[in-house]
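Need a 3D model of the sequence below.
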Amino acid sequence: MKDFLINSIYRASEGEGVNIGTSQVFVRFQGCAVGCLNCDSMDTWDFDPSTVMSLNEVMAAVEYQGRMGSIKRVSITGGDPLHPKHTPRVLELAKELKAKGYWINIEAAGTRVVDELFDLIDFISFDFKTPSTGVATNPQLIRRVLEQYGNRSQIKSVIENKADFSAALMAHQWVLENTDIFLTPWVLTPAYNLNEEFPQQRFQDIIKWNEESGAPFRVIGQQHKWIFGPDKKQV
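Purely as a prediction, here's the structure:
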């Protein structure tokens with residue numbers, strides 16, 4: 001049955017976060033209702049029924065893009081792969097990938113935790129949304145991810161300005177005060193927006209703010225945008 005809404009399947013190096021530079025196959029689901037104001041993939045928002053694939057077609061594309069199976073890492077992204085419309089298909093895909101020996105990352109928008117899926121996969125990249133996104137993240141979800149999956153997760157926050165940094169710092173402090181174990185890296189991603197020149201000053205400011213606050217974060221930019229520019233897709 002063709003019921004996987006897929007935007008694209010392609011091979012690329014991870015461009016951000018603690019796994020930056022790692023070659024993998026990206027499976028990008030089509031459809032997202034989160035609505036971040038600074039999203040650089042708005043083409044993935046519509047739940048477009050013309051994009052459907054079957055599980056067999058998705059797996060064939062993964063194996064082809066992974067050079068016929070030699071690259072055994074997959075990042076499931078979107079869109080929002082944890083939207084309730086996608087979750088059953090994502091779980092089905094993850095089970096098939098694990099049966100074939102793949103390492104799996106999920107890009108989670110920070111709006112929900114799906115234990116059945118998170119228990120199965122290898123790594124969880126979980127967003128804490130900052131004010132510039134126009135979306136709020138419940139810090140209780142961050143706490144839950146840390147307590148249940150802290151040894152195989154990261155928290156990521158896109159930072160546009162000082163207000164974003166301050167919001168991430170407050171959330172980080174709340175987590176420290178309310179979670180017994182906090183081993184997960186919290187990554188700040190300096191915003192590099194569509195049609196924008198490289199934001200050198202923004203990078204420098206975020207590094208400075210982090211150091212002045214005792215360096216609770218790891219500041220990691222989006223490597224793919226440095227190399228190809230902020231508008232290039234599937235890289």
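
where does the chain have low pLDDT?
Where the chain drops to pLDDT under 70, the residues are 69.

all helices for it, in order.
Taking DSSP state H to define them, one finds helices in the chain at 55-65, 87-99, 115-118, 139-149, 162-178, 200-212, 223-228.

Pull out the buried positions in the first one.
Right, helix 55-65. Leu55, Val58, Met59, Ala61, Val62, Glu63, Gln65 (16 or more other CB atoms under 10 Å). In this view, the C-beta of every residue, glycine as well, is placed from N, C-alpha and C.

Which secondary structure elements does that helix sit against?
strand 2-13, strand 23-29, helix 87-99 (3 or more CB pairs under 8 Å, 6 or more residues apart in numbering; DSSP states H and E).

Dump these into TSV; add mean neighbour count and distance to Gln173 as well.
What follows is the helices and strands packed on helix 55-65, written out as TSV (neighbours: other CB atoms under 10 Å; distance: least, CB to CB, whole Å):
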stretch	mean neighbour count	distance to Gln173
strand 2-13	18	33
strand 23-29	22	33
helix 87-99	17	32
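
Nearest to His224, out of these?
His224 lies closest to strand 2-13 among those, at 6.9 Å (CB to CB).

Now do the closest one against helix 87-99, angle only.
Using axes from the mean of the first three to the mean of the last three CA atoms, to 10 degrees, the inter-axis angle of strand 2-13 relative to helix 87-99 is 50 degrees.

burial measure for the closest residue to Gly110 other than its chain neighbours, as a count.
Among residues not flanking Gly110 along the chain, Asp127 sits closest, at 3.6 Å (CB to CB, 6 or more residues apart in numbering). Residues near Asp127, counting by other CB atoms under 10 Å, number 23.

from memory Asp127 sits against Ser157, does it?
Yes: with contact defined as CB atoms under 8 Å, Asp127 counts as touching Ser157 (7.1 Å).

Next one: Asp205 relative to Arg218, how far apart?
As judged by CB to CB, to the nearest Å, Asp205 and Arg218 stand 16 Å apart.

picking that back up, make JSON lines from the buried residues of helix 55-65 and add distance to Trp226 to it.
Output for the buried residues of helix 55-65, formatted as JSON lines (distance: CB to CB, whole Å):
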{"residue": "Leu55", "distance to Trp226": "35"}
{"residue": "Val58", "distance to Trp226": "30"}
{"residue": "Met59", "distance to Trp226": "32"}
{"residue": "Ala61", "distance to Trp226": "27"}
{"residue": "Val62", "distance to Trp226": "27"}
{"residue": "Glu63", "distance to Trp226": "30"}
{"residue": "Gln65", "distance to Trp226": "23"}
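
Out of those residues, which two sit at the greatest distance?
Most distant of the buried residues of helix 55-65, by CB to CB, are Leu55 and Gln65, 15.7 Å apart.

May I have stretch 163-177 as CSV, with CA atoms only?
Extracted C-alpha coordinates of stretch 163-177, given in CSV (Å, rounded to 0.1, in the frame of the first residue of the first chain):
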residue,chain,number,x,y,z
ALA,A,163,16.0,36.7,23.3
ASP,A,164,16.4,33.3,21.8
PHE,A,165,19.6,32.7,23.8
SER,A,166,18.0,33.9,27.0
ALA,A,167,15.0,31.5,26.5
ALA,A,168,17.3,28.6,25.9
LEU,A,169,19.4,29.5,29.0
MET,A,170,16.3,29.7,31.2
ALA,A,171,15.1,26.3,29.9
HIS,A,172,18.5,24.8,30.5
GLN,A,173,18.6,26.1,34.1
TRP,A,174,15.1,24.7,34.7
VAL,A,175,16.1,21.3,33.4
LEU,A,176,19.2,21.3,35.7
GLU,A,177,17.0,22.1,38.7
